[in-house]
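Undergrad: Take a look and give me a structure for this.
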Amino acid sequence: MTRVLLVEDDAWLAEVEASIISDAGYEVLIAPHAPAAIDLVDSFHPEVIVLDVLLAGSTAFALLNELQSYSDTGMVPVILCTNIADQFDAKKLKEYGVMKVVDKTTMHPSDIIAAIRSVS
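TA: Model prediction:
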């Protein structure tokens, strides 16, 4: 079973997204912020990370920089799930391990699953 780490600071949205991911047959854990995500990366060893950009306390880019600094975590594909998707250049995001961007403002629940399937 593919392990997915969901990094989302909105507790309600995290539960909804985790339920969708779990119902699709993936093992999922939620991290509410970047420090928790780092701890879970080390213990859970996710095969895909679904990451909100605007996290409490820091942005996703601090976490992405941390992940890219190690050879094992730098290989984990990342899906950004954000309200500000239109502000990013997909080519530049690949440098951070970001393989897909899902726009929260227009997404359908199946979009997260399609993104996970496309990178795992």
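Undergrad: Now do the residue lying farthest from the centre of the chain, the pLDDT please.
TA: Farthest-out residue of the chain from its mean C-alpha position, per CA atoms, centre = their mean: Ser71, at 18.0 Å. Per-residue confidence at Ser71 stands at 85 (pLDDT).
Undergrad: most centrally placed residue in the protein?
TA: For the chain, the residue sitting closest to the mean C-alpha position, by CA atoms, centre = their mean, is Val50 at 1.6 Å.
Undergrad: Can you tell me whether I have it right that that one is in a strand?
TA: Yes - per DSSP: H, G, I helix; E, B strand; the rest coil, Val50 lies within a strand segment.
Undergrad: what pairs with it across the strands?
TA: On the basis of DSSP bridges, Val50 is bridged to Leu6, Ile79.
Undergrad: Give me the longest helix you can find in this structure.
TA: helix 11-23 (DSSP state H).
Undergrad: which residues sit against that helix?
TA: By CB atoms under 8 Å, 6 or more residues apart in numbering, the residues outside helix 11-23 that reach it are Val4, Leu6, Glu8, Val28, Ile30, Pro32, Val50, Cys81, Pro109, Ile112, Ile113, Ile116. (C-beta placed from N, C-alpha, C; glycine too.)
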